[in-house]
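Novice: just need the structure, nothing else, for what follows:
(4 chains)
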There are 2 protein chains.
Amino acid sequence: MDKTPDDAAKTAQGPDTDAAETPAEPPSRAARQDSRREAVLDAAAELFAVKGFDGVSMRDIARRAGMLSGSLYYHFPSKDDLFAEVHLAAVARVTARLDAALAVAPEEPWARFEAALLAHLEGLLDRADAVAVLSPHFPTERDDLARRLAAQRDAYEDRIRGLLAECGTRRDLDLGLLRLFVLGALNWTPVWWRPGGAADLAEVARALTDLMRRGAEAP
Amino acid sequence: MDKTPDDAAKTAQGPDTDAAETPAEPPSRAARQDSRREAVLDAAAELFAVKGFDGVSMRDIARRAGMLSGSLYYHFPSKDDLFAEVHLAAVARVTARLDAALAVAPEEPWARFEAALLAHLEGLLDRADAVAVLSPHFPTERDDLARRLAAQRDAYEDRIRGLLAECGTRRDLDLGLLRLFVLGALNWTPVWWRPGGAADLAEVARALTDLMRRGAEAP
DNA sequence: GACCGCCAAACAATCGTTTGGTAGACCCTC
DNA sequence: GAGGGTCTACCAAACGATTGTTTGGCGGTC
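Specialist: As a prediction, this is how the structure comes out:
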């Protein structure tokens, strides 16, 4: 019953890789290496996002990636390092999404702000990469690594502040606090938002932008 | 080295209990029982809040409460049940704080709203009870228990919605979304707020109320 | 003597990680 | 193009440590 750990891996990554994508040349050695490595990263990202760092075992990750737990240590030196790489990749992906959205967004600052919120929400909820922002609970003693993660996160979060600054907000407001309120509202969405629920992501981004802009008080 | 688990318990709970508080009568049997039980609950609350459910072991809790891991099972049948009780107690405490704050708050709806936010923040950050709201990650298979926790949390969160409704917000706004934004901003504070930092809790509550009310756009 | 609250020690299971081995793709040489 | 060698990516199995939990007993208060 616990001999072949395939059943969980089939639906996730199993034979899709070479079933429809590569008809001609067999994947090069380097390509296959990256593919397997990324399969591990994907499996780890989904699991970490749902159950947290301590809630996921190396055996869980290995099973979902279609290998055995010891094999993970060929690709990653430790669970901490694996998590760090997942974290970094997720932040990078959300950042890329933000850049892409801003590239095609209109010039009006609040519209840009709304586009950024939507990109953030999509990066947060489309795939299961909530680890990126949702994990201030990184439980390592290796402070240098934790600092690197925090630094990348901070750099991203400061871009929200920059977008707000361009909107020309009231002078008596603390931009730092505003940024934290926005990020709190955004990063809390994985707790309650479900695909196909009452509001889609565009609505959420629009509503939050409207609230940030005009407030809720009746005029 | 692992024989006497006292060193960690001393600073937290150790001899304080009977050092300064009970000079005359020895505490009754029932009182002492409750006191030890509550010591366990306190220790568990602080640890769960910081490291999450999976990050805390029964031995950690026992050490901080000044006993051994097996002894916990005299008071609580399992780790799940212990967590559930911590969770329920924390929600109840935040609710009580909210009631007390509203009892002495002025009549003006936005002032009441701000008072509620402050009470929530204090309940969240003064002690380490962040478990109350911060743990949608309760990793049990016992769905009935998870539902009970969610129900109590929802009842509390709906009071925020009620307070907002009394403020007479704009008709075109979704009160449910507003509530979620507020709770997101509030419940995200444990990630960044530190006592003695730039803004104290009253400032945070005031700033968030002001933002919710008037928005950030320059008039 | 009964019961309460806890200790001391152990239980099986699971944890992150290490070790040794090996099937197969690759490269070079004859 | 057959054969030997190398390296890659993994398996199979184990390591000690830690996990949640159970059991039996014991000092203290009633």
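Novice: residue boundaries of the helices in chain A?
Specialist: All helices of chain A, identified by DSSP state H, fall at A:7-12, A:16-19, A:29-51, A:58-65, A:72-75, A:79-104, A:109-125, A:131-134, A:143-166, A:175-187, A:189-192, A:201-214.
Novice: among these, which is nearest B:Arg206?
Specialist: Nearest to B:Arg206 among those is helix A:175-187; the distance by C-beta to C-beta comes to 9.9 Å. Quick note: C-beta positions are derived from backbone N, CA and C, even for glycine.
Novice: can you pull the contacts of A:Ala62?
Specialist: Residues counted as contacts of A:Ala62 (C-beta atoms under 8 Å, 6 or more residues apart in numbering or on different chains) are A:Pro5, A:Val40, A:Leu68, A:Ser69, A:Gly70, A:Ser71, A:Leu72.
Novice: give me that answer again for 7 Å
Specialist: Remark: with contacts taken as C-beta atoms under 7 Å, 6 or more residues apart in numbering or on different chains, A:Ala62 is in contact with A:Leu68, A:Ser69, A:Ser71, A:Leu72.
Novice: distance of the second one from A:Phe76?
Specialist: Distance, A:Ser69 to A:Phe76, using C-beta to C-beta, to the nearest Å: 12 Å.
Novice: more crowded one of those two?
Specialist: When neighbours are counted by other C-beta atoms under 10 Å in any protein chain shown, A:Ser69 and A:Phe76 differ, and A:Phe76 comes out ahead with 20 against 14.
Novice: next, give phi and psi for the more buried one.
Specialist: When read as degrees, to the nearest 10, the backbone of A:Phe76 gives phi -140, psi 140.
Novice: roughly how far apart are the closest residue to it other than its chain neighbours and DNA strand D?
Specialist: Leaving out its chain neighbours, the residue that sits closest to A:Phe76 by C-beta to C-beta, 6 or more residues apart in numbering or on different chains is A:Leu82, at 4.2 Å. With distances defined as C-beta to the nearest atom of the strand, to the nearest Å, the gap from A:Leu82 to DNA strand D amounts to 13 Å.
Novice: from what I see, A:Leu82 and A:Ala43 are in contact.
Specialist: No: judged on C-beta atoms under 7 Å, A:Leu82 makes no contact with A:Ala43 at a distance of 10.1 Å.
Novice: among the contacts of A:Ala62, name the buried ones.
Specialist: Neighbour counting with 16 or more other C-beta atoms under 10 Å in any protein chain shown marks A:Leu72 as buried within those.
Novice: out of the contacts of A:Ala62, which are close to DNA strand D?
Specialist: Filtering these for proximity to DNA strand D (criterion: C-beta under 7 Å from any atom of the strand) leaves A:Leu68, A:Ser69, A:Ser71.
Novice: reformat the residues you listed as a markdown table; add pLDDT and distance to B:Glu203.
Specialist: As requested, the ones next to DNA strand D among the contacts of A:Ala62 are exported to a markdown table (pLDDT from 0 to 100; distance: C-beta to C-beta, whole Å):
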| residue | pLDDT | distance to B:Glu203 |
| --- | --- | --- |
| A:Leu68 | 95 | 53 |
| A:Ser69 | 95 | 49 |
| A:Ser71 | 95 | 52 |
